[in-house]
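**Student:** Test case, fold it:
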Amino acid sequence: MTLDLPVIEDLTTTQMPPAQTGMDIRQIELVGADLEPLRSLFLDKLSFYDAGPAGPGTQVLRNGAAKFKLTARPKGDATAEQAERLFVERHGTAIRDLGFRVPNVAAVVEATRRAGGRVIRDHDVTDTAIVELYPGLTHSLSGVIPRVPAGEAIRSGFAARGIDHVAICLPEDDFETVVKRYADVFGLDVVHEEFVETSTTAMNSVVLADAQKHTKLVFMQPRDGQQKSQIQTFIENHGGAGVQHVAFDVFDIVAAARWLTARGIEMLHVPDSYYEELSDRVAHLPHPVEVLRDAQVLVDEDESGLLLQAFTRPLFERKTAFLELVERRGSTGFGSGNIRALFRAVEREMASAKADAG
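**Tutor:** Predicted structure coming up:
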């Protein structure tokens with residue numbers, strides 16, 4: 001059943017959130033072979049807008065408090081062009097840098113050295129630095145509070161408050177060491193742990209966050225099962241550890257999912273059997289089940305409220321990275337009930353398809 005729901009076309013009365021005082025995600029760098037397809041994705045489909053001048057082969061864009069730097073091979077700069085080429089050859093189109101604003105850049109640099117990470121560019125008079133805590137993903141650091149223009153409106157369409165969380169896949173053997181390194185270097189706390197197992201596959205996840213929960217990093221570990229974990233598949237296709245998905249905190253998840261679908265971005269299919277049991281699992285749904293099914297939105301409930309989630313299919317050539325949409329209605333969780341219900345639904349669909357095949 002397809003319902004003709006209105007899409008939010010204008011949110012000009014909504015203000016961008018003010019700059020925060022703790023650690024936060026300042027900018028995410030996405031690297032690809034060609035800048036134009038990336039520009040088209042963010043400008044035409046994700047409602048980002050030009051956030052100012054950038055260097056050769058780069059474009060800086062913003063949606064709400066979410067800021068992306070798109071990078072391709074800059075013409076005429078042999079060193080930079082080689083760096084981009086080597087990155088794309090290994091990882092495909094992927095996130096290369098997850099930039100943070102931190103209260104004390106020098107302290108993070110020294111903590112990186114003590115923890116066995118790599119300092120790519122030391123702390124300098126600009127109060128910036130670049131560190132790497134595990135090969136394949138760097139972190140640009142800045143102690144400068146990002147300037148958010150007062151009264152600037154969230155643009156229409158795919159309207160985001162900012163980044164809810166970023167999910168990183170790590171190899172099984174290095175998982176505990178790397179998670180501890182991130183916690184020690186950035187002073188993050190474990191706020192959620194979960195082991196998910198089905199009859200065929202398994203994964204482990206740990207969520208780290210700063211005290212204000214402005215920055216939430218989800219680390220995922222493949223675990224042994226009858227079939228290869230989706231986390232292990234990502235690591236193999238990506239060419240190592242890396243960012244699997246970025247979750248946008250959106251104002252209206254149904255409208256956002258419809259906006260993406262209308263512009264050719266395919267959402268992850270949720271089996272009908274998930275929605276058949278949804279009313280039994282969540283007492284007070286925010287939308288009719290038909291609306292949620294049509295938008296492919298998942299709903300979870302914890303003691304604090306509701307969490308609505310939706311996922312795109314992988315966006316780039318290696319079928320690795322994708323986007324998550326999150327609308328929090330009180331919930332501070334990460335969709336534990338959704339994960340388990342979705343796994344059960346997928347397994348029921350697979351069993352049904354097998355039975356139908358004879």
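**Student:** Low-confidence stretches in this structure?
**Tutor:** Low-confidence segments of the chain, defined by pLDDT under 70: 1-21, 53, 74-78, 144-157, 342-354, 357-358.
**Student:** three-state assignment of H287?
**Tutor:** Remark: H287 carries the secondary structure label coil [criterion: DSSP: H, G, I helix; E, B strand; the rest coil].
**Student:** Tell me the spacing between it and P135.
**Tutor:** In this structure, H287 and P135 are separated by 43 Å, where distance is defined by CB to CB, to the nearest Å. Every residue, glycine included, has its C-beta placed from N, CA and C.
**Student:** Please say which of these two ends up with more neighbours.
**Tutor:** H287 (17 against 11; other CB atoms under 10 Å).
**Student:** For the closest residue to that one other than its chain neighbours, list the residues it contacts.
**Tutor:** Spatial nearest neighbour of H287, excluding adjacent residues (CB to CB, 6 or more residues apart in numbering): V254 at 6.2 Å. For V254, the set of contacting residues under the criterion of CB atoms under 8 Å, 6 or more residues apart in numbering consists of L5, H287, V291, L292, A295, V297.
**Student:** Specify which member of those is nearest to V207.
**Tutor:** If you rank the contacts of V254 by distance to V207 using CB to CB, V297 comes first, at 21.5 Å.
**Student:** Give the full set of residues in contact with the nearest residue to that closest one once chain neighbours are set aside.
**Tutor:** Leaving aside its sequence neighbours, V297 sits nearest to A310 (CB to CB, 6+ apart; 4.8 Å). Contacts here follow CB under 8 Å, 6+ apart; on that basis A310 touches I253, A256, A257, M267, L268, A295, Q296, V297, L298, E324, L325.
**Student:** Could you say which helix or strand holds A310?
**Tutor:** Element membership for A310 (DSSP states H and E) is strand 305-311.
**Student:** now swap in I95 and tell me
**Tutor:** Under DSSP H and E, the secondary-structure element containing I95 is strand 94-101.
**Student:** same question, Q221
**Tutor:** Taking DSSP H and E as the criterion, Q221 maps to strand 216-223.
**Student:** sorry, back to before: buried subset of the contacts of A310 as a PyMOL selection?
**Tutor:** For anyone working in PyMOL, the buried entries among the contacts of A310, judged by 16 or more other CB atoms under 10 Å, can be selected with:
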select buried, resi 253+256+257+267+295+296+297+298+324+325
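**Student:** Turn the contacts of A310 into CSV, including secondary structure.
**Tutor:** Conversion of the contacts of A310 to CSV gives the following (three-state DSSP):
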residue, secondary structure
I253, helix
A256, helix
A257, helix
M267, strand
L268, coil
A295, helix
Q296, coil
V297, coil
L298, strand
E324, strand
L325, strand
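**Student:** Many thanks, have a good one.
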